[in-house]
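In: fold the following, please.
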Amino acid sequence: MKIEELELAVAIGDRIAERIESRFSVMPTLTLDQAAEALGVSNEKMRQLCNDGKIPFIRVDKFYRIKPGDINHYLNQHYHREGRP
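Out: Sure thing, here's the model as predicted:
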C-alpha cells in the first residue's frame, strides 16, 4: 500500500469514527446554578420556573439539569420590545 493510499484510508477511518461518535454524544445541560446565572435570577427563582413548568428540566437524583436551548426559548418567549408589554 502506498503512503497516499494509507493516508487516505486513515482519513476515511477518522471521518467514520467522528460520525459514529457524534450519534452517541450526550446533549449538554446546565446545572440549576448555571441556568440561574444565565437568566440573572436566583437559584430559588430558577427552581420555581422549572417546577411551575415554565422551563423544562430533568432531575438526576436531586439535581436539576436544563438544556441551554430551553433557556433561550424561554427568553425568546418572554422578551418584550420597547413599547410592547
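
In: any stretches of this structure with poor pLDDT?
Out: 1, 81-85 (pLDDT under 70).

In: strands of that one, residue ranges please.
Out: Secondary structure of the chain (DSSP state E): strands at 58-60, 63-65.

In: buried ones in the last one?
Out: With burial defined by 16 or more other Cβ atoms under 10 Å, the residues of strand 63-65 counted as buried are 64, 65. To be clear about C-beta, it is placed using only N, CA and C from the backbone, and glycine gets the same treatment.

In: quick one: list the elements packing against it.
Out: Other helices and strands packing on strand 63-65, by 3 or more Cβ pairs under 8 Å, 6 or more residues apart in numbering; DSSP states H and E, are helix 32-39, helix 43-51, strand 58-60.

In: need the ones you listed in TSV (columns: distance to residue 22 and mean neighbour count).
Out: TSV is the format used below for the helices and strands packed on strand 63-65 (distance: least, Cβ to Cβ, whole Å; neighbours: other Cβ atoms under 10 Å):
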stretch	distance to residue 22	mean neighbour count
helix 32-39	24	17
helix 43-51	29	16
strand 58-60	22	9
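
In: dump these to TSV, plus distance to residue 11.
Out: Shown next, in TSV, are those (distance: least, Cβ to Cβ, whole Å):
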stretch	distance to residue 11
helix 32-39	37
helix 43-51	45
strand 58-60	38
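
In: how about these, which one is nearest residue 12?
Out: For residue 12, the closest of those is strand 58-60, at 37.3 Å, according to Cβ to Cβ.
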